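In: Sharing a model prediction with you, sequence too.
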Amino acid sequence: MSLIVHPATPAESRPVGTAIKRGFLMRCPHCGEGALYRAYLKVNDRCPCGEELWHQRADDFPPYAVITIVGHIIVPLVLALEIAWHPALWIHLVLWLPLTALLSVALLPPVKGALIGYQWALRMHGFDRTSEEYEPAPPSQRGGSPAP
């Protein structure tokens, strides 16, 4: 006796690469048109296309990723400058501290957007309407505190 399992109807395809790219460009991972943020790091509850975005749980990962990325950019440049010209310490401070801060501030929204796109594509944290984690309304409408 063999057991034949029929798969459920296939869900809508969500290409991971496309969703990450759209998120990195700070656009809705579903349509690629709507803005992902209403403020610097405040994610819109919904896109005009109807996609619910409040399910995202980026939490602390984007800053860790940005630290890693910025570190991989700044450290080799610092070392190259030091080996080539041996500048005074104040030159390093004047050059690298602002550059590190600017890169970090500039990269945080796109990196967070890429993570949100990744979560959306893999149907994580309620982005799948059939999951137990799915919430039908954003926290602001449920009486909870909105996600950061």
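Out: Ah, there it is. Numbering: from 1, shown residues only.
In: contacts, neighbours, all on C-alpha from now
Out: Will do.
In: who's in contact with Pro76?
Out: By C-alpha atoms under 8 Å, 6 or more residues apart in numbering, no residues touch Pro76.
In: where does it fall, helix, sheet strand or coil?
Out: At Pro76 the chain is in helix, as set by DSSP: H, G, I helix; E, B strand; the rest coil.
In: From Trp120, how far off is it?
Out: Separation of Pro76 from Trp120 (C-alpha to C-alpha, to the nearest Å) stands at 34 Å.
In: got it, and Gly17?
Out: Here Gly17 is placed at a distance of 11 Å from Trp120 (C-alpha to C-alpha).
In: Give me the more crowded residue out of these two.
Out: Neighbours per residue, other C-alpha atoms under 10 Å: of Gly17 and Trp120, the larger number sits with Trp120, 28 against 13.
In: For Arg27, grab the count of nearby residues.
Out: Arg27, neighbours per other C-alpha under 10 Å, totals 23.
In: Look up which residues are beta-bridged to it.
Out: On the basis of DSSP bridges, Arg27 is bridged to Ala35.
In: Can you classify the most centrally placed residue in the chain by secondary structure?
Out: Nearest to the geometric centre of the chain sits Lys112, at 2.3 Å (C-alpha atoms, centre = their mean). Counting by three-state DSSP, the backbone at Lys112 sits in helix.
In: Without its sequence neighbours, what residue ends up closest to it?
Out: Spatially, and ignoring its direct neighbours in sequence, Lys112 is nearest to Pro62 (5.1 Å; C-alpha to C-alpha, 6 or more residues apart in numbering).
In: That concludes my questions; thank you for your assistance.
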